[in-house]
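Peer 1: What would the 3D arrangement of this be:
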Amino acid sequence: MQWRDVKPQWRAAGALRFLGALAASWLALITPAWSADVSELPAQLQEKVDAARQACAEFDDGAFNLEWEAVDRVDLDGDLYPDWVLNERGFSCSTAASLYCGTGGCVSHFLVEDVLHSLLNQGWGLASLGPNRVLLADVHGSQCGGINPTPCVAASTWDSDDKHWRTTGAEWE
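Peer 2: Modelled structure (predicted):
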């Protein structure tokens, strides 16, 4: 039997399976894959993990765990090299459900050009806007004059000259 003899719907199904497998393989290649092994973390981030581990141990002799989503390698400053992000949402302690996060979210530590900055957030993402990489963070509503459920987003971009995040409170009319 030759390919042209196969029914069109079977050919389409086979093509979709192939494309799905190809997409899954591609996604696996670009998705950050970090486990509980933090031996490659830069010293500044390792200090944060060590402090979190100690805090857990001091709270009823808890066992600290670094979950899969705790470490990200992404280009934060647009230089085409991956920077480091340590997300405390990926920290867990066996004896304390909310040791690292609260109603305001969790702290993320952003290491760019060997400079560490931390931000309490309820989630973050990146966007490109012209030549700038823009860090978008869902932050506590109190930062926008409201309360926790008030929608509030901070947009920041890395200033390589001054080595800090630039952000503003927009003046809407």
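Peer 1: how about the nearest residue to the residue nearest to the spatial centre of the chain, chain neighbours excluded?
Peer 2: Central residue of the chain (C-alpha atoms, centre = their mean): Asp72, 5.4 Å from the mean position. In space, and not counting its chain neighbours, Asp72 is closest to Val85: 4.1 Å by C-beta to C-beta, 6 or more residues apart in numbering. Quick note: C-beta positions are derived from backbone N, CA and C, even for glycine.
Peer 1: The one you found against Val107, yeah?
Peer 2: No: the pair Val85 / Val107 is not scored as a contact, 11.0 Å apart, by C-beta atoms under 8 Å.
Peer 1: any idea how far the nearest residue to Arg133 once chain neighbours are set aside lies from Gly130?
Peer 2: Once flanking residues are discounted, Arg133 sits nearest to Gly78: 4.3 Å by C-beta to C-beta, 6+ apart. Counting by C-beta to C-beta, to the nearest Å, the separation of Gly78 from Gly130 is 10 Å.
Peer 1: Tell me which of the two has more neighbours.
Peer 2: Gly78 (15 against 6; other C-beta atoms under 10 Å).
Peer 1: so what's the more buried one up against?
Peer 2: 128, 131-133, 158 (C-beta atoms under 8 Å, 6 or more residues apart in numbering).
Peer 1: circling back: distance of the residue nearest to the centre of the chain from Glu173?
Peer 2: For Asp72, the distance to Glu173 - C-beta to C-beta - is 36 Å.
Peer 1: Thank you, goodbye.
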